[in-house]
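Asker: Here you go, sequence then predicted model.
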Amino acid sequence: MNLTEHWNHVYQTNDSADVSWFQNRPTTSLDLIGTCGVAQGDGIIDVGGGASVLVDFLLAAGFSKLAVLDISASALDQTKRRLGARASEVDWFAADVTQFASPREFGLWHDRAVFHFLTEKADRQKYVETMKRTLSADGHAVISTFAIDGPEKCSRLSVCRYDATAISAELGAGFQLLEQVNETHVTPWSTEQRFTYFRFARSGINSK
Ligand SMILES: C[S@@+](CC[C@H](N)C(=O)[O-])C[C@H]1O[C@@H](n2cnc3c(N)ncnc32)[C@H](O)[C@@H]1O
């Protein structure tokens, strides 16, 4: 399957509020980003941000040097249209996270529901390598995946589900798990999906 075509098709054929992962307000992400204590100018990259409104809330909160990365240019186009003139304040990367070479460092890496699609070990290793190259030495990461009792598929694709032990093993010694938050997400058609959010800091051990 061509993943770029798959995700472009999803965003070209669905309204942004009509996908299972839609949120009016990404409350848990915003809370965890706040807890990381990143300065407003440190830079935040939303990986697999799609049409999420997280970037709208971060702009409104005064954060600068924001970026949204997604494999789907159609998703990014939706978000740019929604933001209007403010879209020019954000960097947009239409890229596969496993292949991405960031032009600059960021203080915070945010990913809601992207890492869990990487069902091949080699892709997960590339993701972690990208994250290490992209994050500053004192950076933080907020990563949200389906929980152990979450769905086995999303958007017709298989996922891997995580608890703290499993995701810490994937990220390795360069990242220290500081916090986890369980969330029950209610889809637009009122079904429940269990997510877990993990907040990491670079540990300094094998960090680059
Ligand atoms: C379930 S959606 C979540 C979107 C957004 N994070 C949110 O919370 O609304 C997964 C997103 O990841 C993107 N995606 C999937 N695989 C990707 C990859 N390998 N690299 C970059 N983006 C990817 C998809 O295009 C989609 O926008």
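Answerer: Now that the structure is in, tell me what you want to look at. Residues are numbered from 1 along each chain as shown.
Asker: excluding its backbone neighbours, what's nearest residue 16?
Answerer: residue 51 (3.8 Å; Cβ to Cβ, 6 or more residues apart in numbering). C-beta: built from backbone N, CA, C; applies to glycine.
Asker: dump the residue contacts of that neighbour.
Answerer: 11, 16, 19, 75, 78, 79, 82 (Cβ atoms under 8 Å, 6 or more residues apart in numbering).
Asker: rerun at 7 Å
Answerer: Taking Cβ atoms under 7 Å, 6 or more residues apart in numbering as the contact definition, residue 51 lies against 11, 16, 75, 78, 79.
Asker: contacting residues around residue 190?
Answerer: Per Cβ under 7 Å, 6+ apart, neighbours of residue 190: none.
Asker: re the thing from before, quick one, phi/psi of the residue nearest to residue 16?
Answerer: phi -100, psi 20 (degrees, to the nearest 10).
Asker: Could you number the chain from 42 rather than 1 from now on?
Answerer: In the new numbering, first residue 42, that becomes residue 92.
Asker: That one and residue 153, how far apart?
Answerer: For residue 92, the distance to residue 153 equals 12 Å [Cβ to Cβ, to the nearest Å].
Asker: measure residue 136 to the ligand for me?
Answerer: 7 Å (Cβ to the nearest ligand atom, to the nearest Å).
Asker: so that residue makes contact with residue 110?
Answerer: Yes. When contacts are counted by Cβ atoms under 7 Å, residue 136 is listed as touching residue 110 (5.8 Å).
Asker: Of these two, give the one with the bigger neighbour count.
Answerer: residue 110 (25 against 17; other Cβ atoms under 10 Å).
Asker: tell me which element the more buried one is part of?
Answerer: According to DSSP states H and E, residue 110 maps onto strand 107-111.
Asker: Strand 107-111 and the helix or strand just after that strand, what's the angle between them?
Answerer: Downstream of strand 107-111, the first helix or strand assigned by DSSP H and E is helix 114-124. Using axes from the mean of the first three to the mean of the last three Cα atoms, to 10 degrees, one finds that helix 114-124 and strand 107-111 are set 150 degrees apart in direction.
Asker: Give the buried residues for helix 114-124.
Answerer: 114, 115, 116, 117, 118, 119, 120, 121, 124 (16 or more other Cβ atoms under 10 Å).
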